[in-house]
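K.L.:
Task: produce atomic coordinates for the following.
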Amino acid sequence: MTDDGLRRATYLDLARAVLVREYLVFVRYPANAVGGVVVALFFFGLLFYGGEMVAGQALTDSIEGIVVGYFLWTLAVGAYASTANDIQSEVGWGTLERHVVTPFGFGPVVLAKGAAALVRTFVTSTFILAVMLLATGTRLELPVLTVVVVAALGVVSVLGVGFAAGGVAVLYKRIGSWLNLLQFGLVLLVSAPAFDLPIARLLPLVQGSAMLQRAMLDGVRLWEFAPLDLALLVGVAAGYLALGYAVFGLATRRARRLGVLGDY
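P.N.:
Got it, this is the predicted structure:
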């Protein structure tokens, strides 16, 4: 409590506020929310039905892996784009400095907004997964705890990339073309386990993709993974999140020194 009897806001209040904000933006702009889901399903339809006409049985035999990979890709793109694009939008709207002057600081606010975006992305990607399973007649193992933990930790590493990209956006303002290019780079990361390159497991999303395939195709539970695999998944997630957050902090401090934090 402060001297005037008002309760000081806590980080729990911050988390609740950004979750409510994410929900309100989602329900008050339904055309945009539904449009994102429709676009994702449209591209999957092109991938599945177009590929089926070209590759035939070869695609049908691998459709389970494609569904899992596409599900993870929608999660990764949603988390990455929400973080990076949200920061760039704040720059364009001229509201960036409001976050800086909050009692929590700029970094924690952006981190909380990234976590809220991850929750929202899980909801939409789960719906997309359900439609893909119905459309293709595919059956997958869905151990909920394992899928949520593995997918979340895999996507957290991409969230770190989003923070780094957001920091660059604070400095250079308009970098939309680069942000879009990085989204397509996530396709390579999702499919990297197929090339069986051990060193690639140190890249964002790759270890999570490999483990999610095993969980949803083979029914491997969280406690059945090798301790080294789990340690690598957690280490990559924490490492890239910390690195991205550090880059974001350095970029915003430099923007302050240059006096361009509120410029556009």
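
K.L.:
Next up, the contacts around the most centrally placed residue in the chain.
P.N.:
Nearest residue to the geometric centre of the chain (Cα atoms, centre = their mean): residue 79, 2.1 Å. Neighbouring residues of residue 79 by Cβ atoms under 8 Å, 6 or more residues apart in numbering: 114, 117, 118, 121, 155, 156, 158, 159, 162. For every residue, glycine as well, the C-beta is placed using N, CA and C.

K.L.:
Using TSV, lay out the residues you listed together with distance to residue 71 and neighbour count.
P.N.:
Shown next, in TSV, are those (distance: Cβ to Cβ, whole Å; neighbours: other Cβ atoms under 10 Å):
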residue	distance to residue 71	neighbour count
114	20	26
117	17	23
118	14	21
121	11	22
155	11	26
156	16	24
158	14	29
159	17	26
162	19	28
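
K.L.:
Okay, and which of those map to helices?
P.N.:
If you go by DSSP state H, those have 114, 117, 118, 121, 155, 156, 158, 159, 162 in helices.

K.L.:
just checking, the second one touches residue 82?
P.N.:
Translated: residue 117. Yes. In this structure, residue 117 is within contact of residue 82 by Cβ atoms under 8 Å, at 3.5 Å.

K.L.:
Tell me the one among the contacts of residue 79 nearest to residue 214.
P.N.:
The shortest approach to residue 214 among the contacts of residue 79 belongs to residue 155, at 16.9 Å (Cβ to Cβ).

K.L.:
Surely the closest one touches residue 208?
P.N.:
Yes. Using Cβ under 8 Å, residue 155 is in contact with residue 208, at 6.9 Å.

K.L.:
just checking, what packs against the helix or strand encompassing residue 253?
P.N.:
Using DSSP states H and E, residue 253 maps to helix 227-258. Applying 3 or more Cβ pairs under 8 Å, 6 or more residues apart in numbering; DSSP states H and E, one finds that helix 227-258 makes contact with helix 106-136, helix 144-172, helix 206-218.

K.L.:
pLDDT averaged over the next helix or strand after the second one - what is it?
P.N.:
The helix or strand immediately downstream of helix 144-172 is helix 176-191, counting by DSSP H and E. Per-region confidence: helix 176-191 scores 78 on mean pLDDT.

K.L.:
again with stretch 34-41
P.N.:
86.

K.L.:
And the contacts of it?
P.N.:
Stretch 34-41 is contacted from outside by 74, 124, 127, 128, 131, 132, using Cβ under 8 Å, 6+ apart.

K.L.:
what's near enough to touch the third one?
P.N.:
Translated: residue 127. Per Cβ under 8 Å, 6+ apart, neighbours of residue 127: residue 37.

K.L.:
joint contacts of residue 155 and residue 208?
P.N.:
residue 72.

K.L.:
Contact partners for the closest residue in space to residue 84 that isn't next to it in sequence?
P.N.:
Spatial nearest neighbour of residue 84, chain neighbours left out: residue 165 (4.1 Å); criterion: Cβ to Cβ, 6 or more residues apart in numbering. Taking Cβ under 8 Å, 6+ apart, we find residue 165 in contact with 80, 83, 84, 175, 178, 179, 182.
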